[in-house]
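Colleague: Pasting a predicted model and its sequence here:
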Amino acid sequence: VQFNALELTNNLGELNSTETVKRSLDLFDAQCGFVGSVDMETSGFANFKHESIPQGKGRITGILERNFGDLMLRIRNSDDISFEEERCDYINSFEPTTTIKDIKNMYDGSRVEFGITDKLICSGYVISDNKHRNFNGELIVQSAAENPDAGIRLFIDDDIGIDQFNAGEEIFMNLNGLYMDVVDGVLSIGIPKENGLEPIPLDVLKTTVFNTRKKAAIIPTEINLYDVYSEKYQNTLVNIIDVQLAPDQVGSAFTFFSGNLDANRTLERCGEQEKLIVFTSGDATFAKDLFPQGSGTITGIATNFIKVRSLEDIHFENAREECPAWIPPLFITEVADPLNSVASRYVELYNAGDKAVNLTGWKLIKYVNGSESLSGTGVNLNGTIEAGQYFIIANTEYKHIFNDTPDIESTYVSGNGDDVYALIDNTE
């Protein structure tokens, strides 16, 4: 037997409490194959509770009891523990049966129950170092140390120690009995509650995540600014170059100079439409520090924003630039009235640039019969037009006449020859 890797920084008992605590023991066969786990209880009044958890592997003597159906081990004193051998390596104990990418692909928009019938064991590398407390309540793991094809977030209790998992450590995850759903916009694994997930408590985490303590250098993936929110990079470590704070946020702290509120900061790159949102927890050790004022490179974990692990993830060594207004190369290339049918009319947009254009915040408006007054409220656009591609906004019968599905369907597209259409950026 050996103590679970998550126990190695603990003492046998709680130093500042008289409560009885449980410490998890992992059992192995002679070939270091993982067999199972059992809890060891230490009374808050034990005179050996202050002793550190032994680091090795070996033999333990004690009284084995059944407590409400669960086996529980009690020792008489620390002499009952004889750990003189090297610890078994979890790498040799588990054989992955699936991958993080395959696990993510199981999600279809509703909560996934992993069940207990088929073994679901996968491996990955920790990327969410929480030494600076910007990742409270989450453990983020990607599939490989370099060029990962997927990452996943484990939703864990806030009180799990910051030194339990370190960036670069390889871990094995036994997902049986757990659930997967979106939490705060991020695909996560946890335990079920009525309408979603709640954090995995420590006692469950000990039988779910096995830390090999083997470390690898994590190489961030360099990506474009407009790729940050791509599903491909969610929950992975990325690197983005040539960015700087938006003009209205220069002189700001990561959060605020006082208080403990969380905050977002916006980064820009001259000549790019996309903005990069950097989230910082109010509990982070650097929350009240001045956000770097220059321009350069940021490394962080991509979710529906970027989170940095420490100040060392930001290298703004160049002078800040004043960016000219960015005007996307979008054109209205066709206003069509097929068969003189109002319900078949459509407007075609074209991206003449060499980068994708995000239409979120844009609107298609019209002026009817030469009027100078706007007709209605317009059509709120969403989606992305890739470079050199078209985008169709059409009335309800377009799909039947052309046997094609428009990108956006709206009865607002009813103008004809004496009506004027315009595109406006509603975010400015």
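Modeller: Cool, got the structure.

Colleague: Buried ones in stretch 116-129, by neighbour count?
Modeller: Leu120, Cys122, Ser123, Gly124, Tyr125, Val126, Ile127, Ser128, Asp129 (16 or more other CB atoms under 10 Å). In this view, the C-beta of every residue, glycine as well, is placed from N, C-alpha and C.

Colleague: mind exporting that stretch as PDB, just the C-alpha atoms?
Modeller: Only the C-alpha atoms of stretch 116-129 are listed here, as PDB (Å, rounded to 0.1, in the frame of the first residue of the first chain):
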ATOM      1  CA  ILE A 116     -19.900   2.500 -14.300                       C
ATOM      2  CA  THR A 117     -20.200  -0.300 -16.900                       C
ATOM      3  CA  ASP A 118     -17.400   0.600 -19.200                       C
ATOM      4  CA  LYS A 119     -14.000   1.600 -17.900                       C
ATOM      5  CA  LEU A 120     -13.300   5.200 -18.900                       C
ATOM      6  CA  ILE A 121      -9.700   6.000 -18.100                       C
ATOM      7  CA  CYS A 122      -7.700   8.700 -19.800                       C
ATOM      8  CA  SER A 123      -4.400  10.500 -19.200                       C
ATOM      9  CA  GLY A 124      -3.300  14.100 -19.600                       C
ATOM     10  CA  TYR A 125      -1.100  16.900 -18.400                       C
ATOM     11  CA  VAL A 126      -2.000  19.500 -15.900                       C
ATOM     12  CA  ILE A 127      -1.800  23.100 -17.200                       C
ATOM     13  CA  SER A 128      -3.700  25.000 -14.500                       C
ATOM     14  CA  ASP A 129      -1.100  25.800 -11.900                       C
END
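
Colleague: Pick the one among the buried residues of stretch 116-129 closest to Ile152.
Modeller: Gly124 (7.3 Å; CB to CB).

Colleague: For the closest residue in space to that closest one that isn't next to it in sequence, which residues are in contact?
Modeller: Of all residues not flanking Gly124 in the chain, Val141 sits nearest, at 3.8 Å (CB to CB, 6 or more residues apart in numbering). Taking CB atoms under 8 Å, 6 or more residues apart in numbering as the contact definition, Val141 lies against 100, 124-128, 151-154, 171, 173, 235.

Colleague: Quick check: bridge partners of Val141?
Modeller: Val126, Ile152 (DSSP bridges).

Colleague: so what's it scoring on pLDDT?
Modeller: Val141 is assigned a predicted lDDT (pLDDT) of 97.

Colleague: Adjust the sequence numbering to begin at 638 for everything that follows.
Modeller: I'll keep to 638 as the first residue from here, and by that count the last item is Val778.

Colleague: now it: how far from Lys925?
Modeller: 29 Å (CB to CB, to the nearest Å).

Colleague: any chance of the buried residues of stretch 753-766 in JSON lines, with distance to Asn647 too?
Modeller: Converted to JSON lines, the buried residues of stretch 753-766 look like this (distance: CB to CB, whole Å):
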{"residue": "Leu757", "distance to Asn647": "28"}
{"residue": "Cys759", "distance to Asn647": "27"}
{"residue": "Ser760", "distance to Asn647": "25"}
{"residue": "Gly761", "distance to Asn647": "24"}
{"residue": "Tyr762", "distance to Asn647": "24"}
{"residue": "Val763", "distance to Asn647": "19"}
{"residue": "Ile764", "distance to Asn647": "24"}
{"residue": "Ser765", "distance to Asn647": "21"}
{"residue": "Asp766", "distance to Asn647": "20"}
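
Colleague: Having no further points to raise, I will conclude here.
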